[in-house]
Every structure is written in C-alpha cells, then in structure tokens.
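Student: Just the structure for this:
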Amino acid sequence: MTSGRRLRSKMKYVILVPILLAILLLGFCIMFFGLESRETLVAAAVLGVYILVVIFAYVRLMPIVSATIVDYSLEQGKVQKELLHGLAVPYALLDTDGKILWANAMFYRTIEVSEKKLLRQRVDMYLPDITPEVLDEIEGEFRMDVVCEDRRYNAVIRRVDLSTAFEEDRTERRGDDVVVVLYLFDVTNERRLEQETYDQKMIAGLIYIDNYDEVMNSLEEVKHSLLTALVDRKINMYLTNLDAVVRRLENDKYLFVFRQKYMDTLQEDRFSLLDDVKSLNVGNEIPVTLSVGIGTAKESFIEAFENAKVAIGLSLGRGGDQVAVKDGEQVTYFGGKSTGTEKQTRVKARVKAQAFEELLENKEKVIIMAHKRPDADAFGSAIGIWRLVTTLGKKAFVVLNDDTEAIQPLVNTFHVGNQNSDMLISSGRALGMVDANTMLVVCDVNRPSMTACEELLSMASTVVVFDHHRQSNEPIENATLSYIEPFASSACEMITEMFQYISAKPKIRPVEADAMYAGILIDTDNFLNKTGVRTFEAASYLRKSGADITRVRKMFRSSLLSMKERAQGISNAEIFMGCYALSYVEADPESKDAPTVPVAKAANELLNVENVKASFVVTESADGILYVSGRSIGDVNVQVVLEQFNGGGHATVAGAQLKNTTKEEFFARLKQVLKEMTASGSL
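Tutor: Modelled structure (predicted):
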C-alpha cells in the first residue's frame with residue numbers, strides 16, 4: 001500500500017509538467033501577439049487540444065505504466081531476496097526482543113539449525129552473546145565478536161526503523177516497525193593469526209639474588225660453588241620449561257627472554273621458582289631469595305627490557321623475594337611473603353650520603369616533609385635530616401601541619417627555650433619558599449598522595465626521598481635521589497647511618513637524639529619488630545650522642561584514656577580462621593584526633609595471643625576516615641594484605657586509610673581477602 005501511494009505521487013508529475021509548459025507557451029503568445037490577435041487564438045486552440053491529449057493519455061496509459069513498474073519492482077525484489085538467501089554471508093532479521101524473523105541459508109548452516117526450527121526462536125539460544133539487553137542498547141551500527149560452533153564471528157548489528165523509510169509515514173512510527181539486521185563475518189582465521197602474533201611477542205625478564213653476599217657469608221667456602229650451581233640449575237630448569245633463553249650476567253644476576261604465550265602459565269603457577277630456590281639448603285643458615293622483574297611492551301622489545309629494569313627495581317624496593325610484572329603503566333606483584341634479609345653492608349648508606357652531600361652544594365635551602373599525620377619516625381627522621389643539612393651550612397625547614405598526639409611530646413621539647421623557633425613551618429609557607437635553589441627532601445614515605453603537601457613535589461626542581469617502606473605502584477617519579485631501604489627498621493635508622501658518612505661530622509643535640517631514638521623505638525615496638533644488628537648500632541650511636549632512654553620513655557607514657565582505648569581494642573577482638581585477630585576501637589567523641597596510637601598498640605598486643613599470626617585493628621576519625629593498623633610476627637605479610645586496600649608498609653607492620661567505608665564493610669572485605677590470599681598461597 002505504501003509503495004502504491006508513493007508511485008501515484010510520483011506519476012502526478014507526468015501530467016503536471018506538460019500542462020504547465022503549455023500554459024507557459026500560451027503566455028508567451030499573448031505577450032508577443034496580444035490577447036485579441038489571430039495568432040493567439042490559434043495557439044490557444046492548439047494548446048487546448050494538446051492538453052486534452054495529455055490528460056487522455058495519462059488516464060488511459062497510467063494503469064498500464066503502474067502495472068509495468070509494479071511488476072518490475074516485484075521482479076527486482078524477488079531477485080534481491082534470492083540473492084540475500086544465497087548470500088555467502090550469514091544474514092538475519094530480528095525483532096527488538098531478539099526473535100528471528102527471517103534468515104538466509106548461510107545463517108542456517110552457520111548455527112546448524114533447520115529453517116522450520118529457527119523461525120521465531122530467540123537468537124541468543126544460538127549466539128549467547130547477542131542478548132535482548134545488547135540489542136536495546138544499540139544505536140546505529142554496532143560490532144562485537146561472537147562464538148558459534150568453535151568458530152569466531154564478527155557480528156554487525158544495525159537497527160532499522162521501517163516507518164522512517166517514507167516521509168509521509170514519519171508521524172506514524174510504531175514499535176513493530178523496528179527490525180534488527182544481523183550480519184556474521186567469519187574472522188576465525190584472522191583472530192587466530194592475531195593471537196599467534198601476540199603469543200610470539202618477546203618478553204624480557206631479570207632475576208637478581210637478593211641476599212647473595214649474606215648467604216655466602218653464612219656458608220662454608222667449599223660449599224659456595226655447590227649452592228651457586230644448585231641455584232643456577234633451578235633457574236635454568238624452570239625457565240627452560242617455558243622455552244626461554246637464559247643468560248647469567250653476574251654471580252647474582254640473570255637475564256631471560258621468553259614468549260608472551262607462556263605468561264599465563266607463569267601467573268597461574270604464581271612463580272613457584274621463588275619457593276623452589278628458597279628451599280635449597282646445603283648448610284646455609286639464610287635461605288636464598290630471588291627478585292624477578294618482567295617487562296612487556298606493545299611495540300618495541302627495547303621498551304620491554306626497560307620495563308623489566310623498572311620492574312626489578314620495584315621488586316627490590318619492596319624487599320625482594322617477589323616478582324614484579326610491568327605491562328605499560330600497570331604493575332602486578334607476586335610473592336613477597338618473606339620479611340627479607342637484613343643487609344650487613346653499609347655501602348649503600350655511604351653512597352647515598354655522599355650523593356646527598358653533593359646535591360646540597362648548589363642549593364641554598366632545604367624543605368623537609370614527611371607523611372600526613374606524622375608519627376615519631378616521620379618527625380624524628382625529619383629532625384635528623386634538618387641536622388644534616390644545617391651541619392653542611394644550609395638553611396633547612398621542616399613542614400609540620402598536623403601536630404598529632406603521636407608526636408606532641410617530641411614537638412614540645414623543641415619549643416622549650418624558643419630554640420630553632422623558625423624550624424617548623426606550615427605547608428602554605430613552604431609553598432611560598434620554593435625556588436630554583438630549593439631542595440625538597442621527603443622522609444618516611446614514598447607515595448605522593450601520602451605526603452604532607454603533594455604540591456611541593458611538582459614545584460621543587462630537586463627532590464630527594466629517604467624511606468624504609470616498600471615501594472608501591474605510586475612512586476615519586478621526579479626524585480633526583482632516592483634511598484629506599486625496606487630492610488631498615490625505620491627512617492631514623494637510615495638517617496642515623498648517614499651521619500657517619502657526612503664530611504662534616506654532625507653534632508647532635510640531646511633533644512634531636514631523643515627524637516630520632518623515639519622514632520626507632522616506636523617503629524620497632526620497643527625493639528621487638530623488624531630489629532637487626534644495624535638497628536642496635538644506630539640506637540647505640542644515638543645513645544652516645546645524648547639520647548636519654550628514660551626521658552624518651554616518659555615522653556611516650558600513655559594517658560589513662562589511651563590505656564582504656566588499647567584495652568577496648570583487645571576486648572573487642574575476634575579470631576578469624578584461627579590465626580587472624582580482628583578488632584576495633586571506638587574513638588572518643590570529644591577528641592578531634594582518631595586514637596591511631598592506641599590502635600597500633602592494641603594490634604601489637606594481640607600478637608601475644610596464642611596462635612595469632614597477624615592482627616588488624618581499626619578506628620574511625622570524626623571526619624569519616626577509617627584508620628587500619630596491621631601487625632604480624634613474621635608468618636604473614638600484612639603489607640601485601642593491606643595493599644588490597646591501597647595501604648602499605650612492611651611485612652610485619654603496615655597500615656591503610658580508607659574513606660567512605662565503615663568498619664563492618666572493611667572487615668567483610670578483609671575476611672574475603674584473607675580467604676582468597678590464603679587459598680592462592682599468597683600469604
């Protein structure tokens with residue numbers, strides 16, 4: 001019916017055009033010969049006859065012409081239908097619910113269904129990816145890959161509104177006028193070739209033995225070659241199974257190259273090479289641990305190798321005994337369950353101290369900042385750096401925005417006698433002091449978002465980082481000098497070691513020695529956690545410099561309220577999976593600060609409970625931030641657990657801060673994380 005109306009509308013022009021031309025010709029005759037002339041009358045008579053003939057021909061011939069055109073259209077439509085039915089490309093018409101209205105023979109053969117069974121069936125019965133929800137969201141043309149009978153197809157889906165095909169029907173649109181056109185293009189071979197090309201892409205990897213010197217020093221010399229050969233054999237056998245090429249660069253360094261197709265195998269295996277090498281024992285007191293860095297890139301193998309170098313740096317910076325895989329900007333970690341081995345050599349401390357001194361030569365002033373809500377280690381290490389800088393004759397300032405309960409006793413000692421009153425400044429003042437001759441030193445933190453003033457990082461031309469926390473995926477990228485030592489107990493320990501390698505020997509005042517000693521004391525929980533030989537050597541140095549143990553202890557005695565909050569954290573504890581202590585502390589509504597210190601102490605106390613391997617205690621501040629303290633005795637790496645909550649720290653001491661999260665939501669997610677990581681062997 002619509003086609004007929006359209007045909008009649010077009011055929012009107014067949015009679016309308018000749019009549020209009022005849023009238024135009026008559027008008028010319030009147031204009032040239034006049035209305036009463038003989039020529040005009042003759043022309044009018046002739047044109048009148050002409051118009052009658054045209055009308056007669058239109059009336060008599062129009063049915064014949066219409067019938068001929070309709071027959072032609074039907075014939076062409078039949079040809080087109082036959083062509084579509086025999087088209088080598090699977091083709092189907094669907095309604096908006098996904099029901100098949102019509103399909104060609106190739107579509108039937110593709111899904112291996114007979115025509116009678118197919119009609120009015122839902123297309124997702126045969127192509128599960130093409131659901132009614134997908135069809136509803138389509139606007140214009142949409143493409144997607146689908147799988148049918150072990151073949152992969154690229155589906156082209158287009159919505160067609162039949163009511164818009166003709167202008168006069170645009171105001172009469174109806175839902176049943178919409179059909180969905182579906183084409184299927186077989187791309188099985190193309191996708192297979194793409195996958196083969198992707199699988200053949202080369203990946204670079206680096207393996208470092210974390211504690212080569214320490215292990216060899218703990219082993220009889222005659223067994224050195226035996227242990228080296230066993231480690232070499234383990235590495236080669238493991239990588240040979242991946243069809244990898246391995247080359248030993250040094251005694252403790254390896255380079256290997258393998259194809260992308262084996263990457264999934266490595267990840268599913270969770271890099272069991274780490275545990276295989278760690279299990280080697282030929283009399284060595286210290287187990288051998290490896291750090292592995294793997295880099296991938298879309299285009300260049302050189303870029304993949306550069307990513308591998310960055311990845312091995314991240315792995316080492318997080319304490320070793322783990323794998324870092326860097327794919328573009330994304331970094332994935334595996335392993336990292338052990339606490340690492342303390343480095344006995346101080347070569348790194350000496351090199352970093354000398355490099356720091358050289359950087360200071362061309363600077364006029366130094367701004368020092370730690371993390372938000374600083375603790376004793378953050379404040380103590382900042383004071384230590386301040387003393388180093390002033391000893392070398394440069395001006396130094398410490399950024400302090402949050403005068404929290406954790407450091408209040410230390411800060412008060414620097415206000416006595418109004419000594420160095422201009423040493424402590426706010427971040428606002430620090431922003432106005434930065435110029436080309438200013439160095440920024442960041443201590444006890446290596447994540448930009450956790451620093452006291454992140455804006456300073458982009459303003460300072462020279463940035464130096466001193467930290468003892470494991471590196472995360474959020475490093476300070478523009479650091480000129482970075483000294484990150486995860487094996488150190490505290491940042492104060494690292495700065496204390498640097499004192500001994502500065503050309504001008506610093507003279508530490510007792511109040512400064514107290515601040516640094518307090519940082520070591522708090523971070524090690526009275527020398528119980530993450531304490532090594534170098535920790536005691538640093539404490540001894542500070543004691544000789546005037547640190548008073550009794551004075552520090554008095555400064556950090558707890559108030560009665562803190563004792564009650566700590567006791568609350570212990571009394572609220574529950575044991576999960578038989579070895580994880582979970583608890584919380586309700587903050588005092590009259591206090592503006594969250595009880596983070598009692599929370600940390602409660603977490604430490606819970607480790608004394610029988611069979612408890614790790615503890616997690618939380619509290620919530622008045623502004624809605626949830627503070628988490630994680631502690632362990634070494635059997636569980638709490639740092640990798642709290643990394644799941646964007647936190648970090650050490651294997652035995654870690655923390656996290658969460659916004660818009662209740663303690664109930666946190667504990668529910670924490671329990672799920674602990675179950676999953678325990679099942680996968682990540683803990």
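
Student: what sits up against stretch 464-471?
Tutor: Applying C-beta atoms under 8 Å, 6 or more residues apart in numbering, the external contacts of stretch 464-471 come out as 314, 317-319, 336, 356, 359, 381, 385, 439-446, 476, 479-491, 493-495, 639, 648-650. For glycine as for every other residue, the C-beta is placed from the backbone atoms N, C-alpha and C.

Student: Would you mind measuring the gap between the ends of it?
Tutor: 15 Å (C-alpha to C-alpha, to the nearest Å).

Student: roughly how far is that stretch from the heart of the chain?
Tutor: 21 Å (C-alpha atoms, centre = their mean, to the nearest Å).

Student: could you give me the average pLDDT of it?
Tutor: Mean pLDDT, computed over stretch 464-471, is 86.

Student: Just the buried positions in that stretch, please.
Tutor: Val464, Val465, Phe466, Asp467, His468, His469, Arg470, Gln471 (16 or more other C-beta atoms under 10 Å).

Student: same deal with stretch 639-659?
Tutor: Within stretch 639-659, the residues that count as buried by 16+ other C-beta under 10 Å are 639-645, 647-658.

Student: Looking at those residues, which are in helices?
Tutor: Gln639, Val640, Val641, Leu642 (DSSP state H).

Student: Can you say which of the contacts of stretch 464-471 are buried?
Tutor: Buried subset of those (neighbour count, 16+ other C-beta under 10 Å): 314, 317-319, 336, 356, 359, 381, 385, 439-446, 476, 479, 481-491, 493-495, 639, 648-650.

Student: Among those, which are located in helices?
Tutor: Using DSSP H, the buried ones among the contacts of stretch 464-471 in helices are Leu314, Gly317, Phe356, Leu359, Ser381, Ile385, Ala491, Glu493, Met494, Ile495, Gln639.

Student: and Val292, that's in a helix?
Tutor: No: under DSSP: H, G, I helix; E, B strand; the rest coil, Val292 falls outside any helix and is assigned strand.

Student: Bridged to the nearest residue to it once chain neighbours are set aside, which residues?
Tutor: Nearest residue to Val292, sequence neighbours excluded (C-beta to C-beta, 6 or more residues apart in numbering): Val323, at 4.2 Å. For Val323, the beta-bridge partners are Val292, Phe334 (DSSP bridges).

Student: Val323 against Ala308, yeah?
Tutor: No: in this structure, Val323 is not within contact of Ala308 by C-beta atoms under 8 Å, at 11.2 Å.

Student: if I look at those two, which residues touch both of them?
Tutor: Gly293, Ile294.

Student: And Leu481, how far from Phe356?
Tutor: As for Leu481, its distance to Phe356 is 6 Å (criterion: C-beta to C-beta, to the nearest Å).

Student: got it, and Ser472?
Tutor: For Ser472, the distance to Phe356 - C-beta to C-beta - is 23 Å.

Student: What about Tyr580? Give its phi and psi, please.
Tutor: With angles defined as degrees, to the nearest 10, Tyr580 sits at phi -120, psi 120.

Student: mind listing what it touches?
Tutor: Val612, Lys613, Ala614, Ser615, Phe616, Val636, Leu674.

Student: who does it bridge with?
Tutor: Going by DSSP bridges, Tyr580 forms beta bridges with Phe576, Ala614.

Student: measure it to Lys613 for me?
Tutor: 7 Å.

Student: overlap in contacts of those two?
Tutor: With C-beta under 8 Å, 6+ apart, Tyr580 and Lys613 have common neighbours Val636.

Student: for the stretch 51-200 of the chain, what are the low-confidence residue spans?
Tutor: The model of the stretch 51-200 of the chain has pLDDT under 70 over residues 61-86, 114-120, 162-177.

Student: Start from the N-terminal end of it and give the strands.
Tutor: 91-94, 100-103, 141-148, 151-161, 178-186 (DSSP state E, counting those that start in this stretch).

Student: Kindly reformat those as CSV and extend each row with mean neighbour count and distance to Asp243.
Tutor: Shown next, in CSV, are these (neighbours: other C-beta atoms under 10 Å; distance: least, C-beta to C-beta, whole Å):
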stretch, mean neighbour count, distance to Asp243
strand 91-94, 20, 44
strand 100-103, 18, 45
strand 141-148, 14, 29
strand 151-161, 16, 26
strand 178-186, 18, 31
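
Student: For Ala44, which of these is the nearest?
Tutor: Ala44 lies closest to strand 151-161 among the strands of the stretch 51-200 of the chain, at 51.3 Å (C-beta to C-beta).

Student: Run through who's touching the closest one.
Tutor: Against strand 151-161 from outside (C-beta under 8 Å, 6+ apart): 90, 110, 127, 129-130, 134-135, 138-147, 173, 177-188, 191.

Student: Stretch 281-291 too?
Tutor: Contacts of stretch 281-291 (C-beta under 8 Å, 6+ apart): 207-211, 214-215, 218-220, 223, 226-227, 230-231, 235, 273-274, 277-280, 312, 315-316, 320-324, 338, 340-341.

Student: And those residues, which of them are buried?
Tutor: 207-211, 214-215, 219, 227, 230-231, 235, 273-274, 277-278, 280, 312, 315-316, 320-324, 338, 340-341.

Student: Helices of the stretch 301-450 of the chain, residue ranges please.
Tutor: For the stretch 301-450 of the chain, the helices defined by DSSP state H, counting those that start in this stretch occupy 301-317, 347-360, 376-391, 408-415, 427-433.

Student: Pick the most buried one from those.
Tutor: helix 376-391 (a mean of 26; mean count of other C-beta atoms under 10 Å).

Student: and it, what does it pack onto?
Tutor: The contact analysis (3 or more C-beta pairs under 8 Å, 6 or more residues apart in numbering; DSSP states H and E) places helix 376-391 against strand 365-369, strand 395-399, helix 408-415, strand 438-443, helix 491-499, helix 510-523.

Student: Please identify the buried residues of the last one?
Tutor: Neighbour-count burial for helix 510-523, with 16+ other C-beta under 10 Å as criterion, is recorded at 511-523.

Student: which of these lies closest to Ser558?
Tutor: Checking these against Ser558 by C-beta to C-beta gives Ile522 as the nearest, at 12.3 Å.

Student: Low-confidence stretches in the stretch 351-500 of the chain?
Tutor: 416-421.

Student: Mind checking what secondary structure Thr661 has?
Tutor: Applying three-state DSSP: Thr661 is coil.
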